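K.L.:
3D model of this:
(chains A and B)
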Amino acid sequence: GAVVSQHPSWVICKSGTSVKIECRSLDFQATTMFWYRQFPKQSLMLMATSNEGSKATYEQGVEKDKFLINHASLTLSTLTVTSAHPEDSSFYICSADGGRGSTDTQYFGPGTRLTVL
Amino acid sequence: GENVEQHPSTLSVQEGDSAVIKCTYSDSASNYFPWYKQELGKGPQLIIDIRSNVGEKKDQRIAVTLNKTAKHFSLHITETQPEDSAVYFCAARNSGGYQKVTFGTGTKLQVIP
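P.N.:
Numbers count the residues shown, from 1 in each chain, chains lettered A, B, ... in the order given. This is a model prediction of the structure:
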């Protein structure tokens, strides 16, 4: 139980295009989902927190118009990187709360490697 | 806001030896402390967690201790195996109100066969 999936696992795109990443909680309903960004050999940087049916809360310094988050249901959140540029290349990881009846515990997806050419 | 410090940043141990990773946190309101293992190119995997009403928790070769007074918690891995090699992150969270998780900077553990 408490499995979180992400799709795609990796994506390569041209500069200026938009990329959508999906995050799904497969066997539980997630009250809250989180999106992180991770650079090589660094810790996870929280980008935004999303609750189903409401607008995402973005961390300071994260451009909400560039990183669009939609939390359409209790099992699905999407991150769209709009007009991607090479500096957006990174490892994007989502996580979800609520597995195994515990809202404290956060379970992570496998991550999506984005490369912008 | 919460600040979590983690030491050491790298740790090499011989197979079979124990490994200890230590973290400190700043916000006394934090009451949930998970540990994650991250292998290269993968997402973090929860390996053990502890809540503030417990001082120690053990799961087979892995144990976590918490000292709320001193605001520090530690991960102990006994009888290390090569497959334990990974990056480990500690984290702290206040489960009341805004449930943001603050991560430590990570420890790269290498278990030498």
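K.L.:
Please report the number of neighbouring residues for the residue of chain A found nearest chain B.
P.N.:
Using CB to the nearest CB, the closest approach of chain A to chain B is made by A:F108 at 4.1 Å. For every residue, glycine as well, the C-beta is placed using N, CA and C. A:F108 has 22 neighbours, counted by other CB atoms under 10 Å in any protein chain shown.
K.L.:
Report the separation between the closest residue to it other than its chain neighbours and B:F73.
P.N.:
In this structure, A:F108 finds its nearest non-sequential neighbour in B:G43, 4.1 Å apart by CB to CB, 6 or more residues apart in numbering or on different chains. Between B:G43 and B:F73 the distance is 22 Å, computed by CB to CB, to the nearest Å.
K.L.:
higher neighbour count, these two?
P.N.:
The residue with more neighbours, out of B:G43 and B:F73, is B:F73; 26 against 22, by other CB under 10 Å.
K.L.:
Quick one: list the elements packing against the host helix or strand of A:S95.
P.N.:
Using DSSP states H and E, the element containing A:S95 is strand A:90-97. Judged by 3 or more CB pairs under 8 Å, 6 or more residues apart in numbering or on different chains; DSSP states H and E, strand A:90-97 is in contact with strand A:4-7, strand A:19-25, strand A:32-38, strand A:76-81, strand A:106-108, strand A:112-116.
K.L.:
what about 6 Å?
P.N.:
Applying 3 or more CB pairs under 6 Å, 6 or more residues apart in numbering or on different chains; DSSP states H and E, we find strand A:90-97 packed against strand A:19-25, strand A:32-38, strand A:106-108.
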